[in-house]
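A.B. asks: Mind folding the following:
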Amino acid sequence: MISITKQVLKTRPSIRSYATTVTTASPKKVGAFRGIFIGFLTGVTVTGGASYYYLFDEYKNANSVIVTDVVALQNSIAALEKHVKSLEEKK
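C.D. replies: I've put the predicted structure just below:
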């Protein structure tokens, strides 16, 4: 087997051992973990902001409905008190 390898190497043309192109340093690549981490933080931030504004809007709407109901209740109580006073005066 060694003799066959020597014969193949003798008959094969010589292989050049130098490069014809200039090799430059490749730019630093962003690692997969770093990319996933930045993407995750971006997604959480955007989702959190959108959720905050949605919940704040729902809170304002619910609060305004409650305030409207309280005002309506105060008006009906005031009307009821007037009616009771007028009934007491008629007696």
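
A.B. asks: Just the element for residue 61, please.
C.D. replies: Counting by DSSP states H and E, the element that carries residue 61 is helix 32-90.

A.B. asks: pLDDT (mean, whole number) over that helix?
C.D. replies: The average pLDDT within helix 32-90 is 95.

A.B. asks: Tell me which other helices or strands it touches.
C.D. replies: Taking 3 or more C-beta pairs under 8 Å, 6 or more residues apart in numbering; DSSP states H and E as contact, there are no helices or strands that helix 32-90 lies on. C-beta coordinates here come from the backbone N, C-alpha and C atoms, glycine included.

A.B. asks: Counting neighbours, what do you get for residue 75?
C.D. replies: A count of nearby residues for residue 75, using other C-beta atoms under 10 Å, gives 10.

A.B. asks: quick one: it from residue 59, how far?
C.D. replies: Residue 75 is 25 Å from residue 59, where distance means C-beta to C-beta, to the nearest Å.

A.B. asks: try residue 67
C.D. replies: Taking C-beta to C-beta, one finds residue 67 at 12 Å from residue 59.

A.B. asks: likewise residue 82?
C.D. replies: 35 Å.

A.B. asks: got it, and residue 83?
C.D. replies: Applying C-beta to C-beta to residue 83 and residue 59 gives a distance of 36 Å.

A.B. asks: Kindly report the same for residue 73.
C.D. replies: Residue 73 sits at a distance of 21 Å from residue 59 (criterion: C-beta to C-beta).
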